[in-house]
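[1] Sequence below, structure please.
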Amino acid sequence: MNPQKRPLASHMAATMPPSGIREFFDLVIGRDDVVSLGVGEPDFATPWKICDAVIDSLRNGATSYTSNHGLIELRRAISTDIATRYGVEYHPETEIVVTMGVSEGMDVAMRAILNPGDEVIVPEPCYVSYKPSVVFAGGVPVTITTYEKDDFKLRPEALRAAITPKTRALVIGYPSNPTGAVMTGKELAQIAAVAREHDLIVLSDEIYAHLTYDGTHTCFSSLPGMRERTLILNGFSKAYAMTGWRIGYACGPAEIVNAMVRIHAYTALCAPIMGQIGATEALLHCEDEMRRMVSAYDQRRRLFVAGLNEIGLRCFEPRGAFYAFPSIEATGLKSRAFAKSLLFEESVAAVPGDAFGPCGEGYLRCTYATSLDNLKLALERMHGFLEKLRGGSIAVDE
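    Residues are numbered from 1 along each chain as shown. Okay, here's the model as predicted:
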């Protein structure tokens, strides 16, 4: 009698849904005619100053491991940059760790602060990795819906209502992926007051901090009483066009950072030295290049959002990041059906809103990190698609 064969994969891994972003990215592979508004990746190449610095370092043999914390030169540059921009000081030796992008930073941070069963509040729509990071660490994600009528901002009363005796932490991400929402310093201060009142740790994903178009970015740890309970997560992928270099960082209280380093040392050891050298160059010498890219995104933002509204897709005005989040409610289609039909009928790739949480249903995430010509072509094709829908000439598989 043969024993019943057990599954090879864990229940957690087997039941974790795939990323909705990568799903649509995979559908585009091999199709040359597609205008991709899907993956949030700059269309700019990494500034040559960065590449040149890394090439020189390779010629000089810089191919070794680094400290688990990361290169001290990079940590010092990060410390100076945050102090200069936001007035918050972090000790480069004990309060900063260099990670393999913000995604690894978030994963390690969750494992560093959570005990089994701890709850983490996650406002939605949100980036796809937030909830899985909580689950992988043994925690329980508790979601809060944010609404277009509130400009997709987290409201303090909603946060307070979600808190229980098991609540350990809050994740926020502003400017937001996928909505492009931005919260002002005054609005974030209200969230900070609730966090202090209930002794919450705040994990603030600020990867789009430099891509703030109206007003200035507020670093969450700069708010009164928040430095000692906030972990800032940031990196170089978006503002410096360094997605493939996989360099991020976390800044926060030494107790949390040291716990992260212990986990990071066993799982990643250290981020690649080449990427760390490039990131150091970015902070020290590439401010002008970064600002030029941000200015281009702002121009694209204004053109694309206006175009979406003109063709009949109501679009909330994104004030940060490089995403538009138009409503497709007027079409009567579900997000996934709309996105697939748009791809196969008109060769425009976007991500269905429900990839970012159930409350994203009825929306579509479109990145405008592509050329003006591509955005104009995408709008033309999307308009044609909508006209076909209105005329009933497209049979959509729900």
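
[2] got any ranges where the chain has weak pLDDT?
    Low-confidence segments of the chain (pLDDT under 70): 1-3, 20-22, 24-25, 27-30, 395-398.

[3] which stretches of it form strands?
    Here the chain has its strands, by DSSP state E, at 35-36, 96-99, 119-124, 140-145, 167-172, 201-205, 230-235, 248-251, 323-324, 348-349, 351-352, 364-367.

[4] Output those strands in CSV; the columns should cover distance to Ala9.
    C-betas here are computed from N, CA, C, even on glycine. What follows is these, written out as CSV (distance: least, C-beta to C-beta, whole Å):
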stretch, distance to Ala9
strand 35-36, 31
strand 96-99, 26
strand 119-124, 24
strand 140-145, 21
strand 167-172, 26
strand 201-205, 28
strand 230-235, 29
strand 248-251, 28
strand 323-324, 32
strand 348-349, 29
strand 351-352, 26
strand 364-367, 29
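
[5] would CSV of those with mean neighbour count be doable?
    Shown next, in CSV, are the strands of the chain (neighbours: other C-beta atoms under 10 Å):
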stretch, mean neighbour count
strand 35-36, 23
strand 96-99, 28
strand 119-124, 24
strand 140-145, 17
strand 167-172, 23
strand 201-205, 26
strand 230-235, 26
strand 248-251, 27
strand 323-324, 28
strand 348-349, 24
strand 351-352, 28
strand 364-367, 28
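
[6] Which of these sits closest to Ile55?
    strand 96-99 (20.5 Å; C-beta to C-beta).

[7] Direction included, what does the closest one pair up with?
    Here strand 96-99 has these sheet partners by DSSP bridges: strand 248-251 (antiparallel).

[8] Residues touching the partner strand, excluding its own?
    70, 74-75, 78-79, 82, 88, 90, 95-105, 108-109, 207, 221, 231-237, 257, 260, 271 (C-beta atoms under 8 Å, 6 or more residues apart in numbering).

[9] returning to what we had before: list just the one of the strands of the chain that sits closest to Ile191.
    Closest to Ile191 of those is strand 167-172 (C-beta to C-beta; 7.0 Å).

[10] Return the list of helices and strands in contact with that closest one.
    Applying 3 or more C-beta pairs under 8 Å, 6 or more residues apart in numbering; DSSP states H and E, we find strand 167-172 packed against helix 101-113, strand 119-124, helix 185-197, strand 201-205.

[11] out of those, nearest to Ser133?
    helix 101-113 (4.7 Å).

[12] residues touching Leu211, list them.
    175, 238-239, 294, 297, 320-322.

[13] Include distance to Met16 and neighbour count when you put those residues into a markdown table, please.
    What follows is the contacts of Leu211, written out as a markdown table (distance: C-beta to C-beta, whole Å; neighbours: other C-beta atoms under 10 Å):
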| residue | distance to Met16 | neighbour count |
| --- | --- | --- |
| Pro175 | 27 | 26 |
| Lys238 | 25 | 27 |
| Ala239 | 30 | 23 |
| Val294 | 34 | 16 |
| Tyr297 | 32 | 23 |
| Gly320 | 29 | 25 |
| Ala321 | 25 | 30 |
| Phe322 | 27 | 29 |
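
[14] just checking, which of these belong to helices?
    294, 297 (DSSP state H).

[15] And the contacts of Leu211, which is closest to Thr267?
    Lys238 (23.7 Å).

[16] wait, isn't the closest one in contact with Phe322?
    Yes - the criterion here is C-beta atoms under 8 Å, and Lys238 meets it with Phe322 at 7.4 Å.

[17] which residues are common contacts for these two?
    40, 42, 208, 211.

[18] Narrow those residues to those that are buried.
    40, 42, 208, 211 (16 or more other C-beta atoms under 10 Å).

[19] residue contacts, the third one?
    Contact partners of Tyr208, counting by C-beta under 8 Å, 6+ apart, are 174-177, 238-239, 320-322.

[20] Over to the first one?
    Shown in contact with Gly40 (C-beta under 8 Å, 6+ apart): 21, 177, 238, 321-323, 367, 369.

[21] how much space between Glu93 and Leu71?
    As judged by C-beta to C-beta, to the nearest Å, Glu93 and Leu71 stand 12 Å apart.
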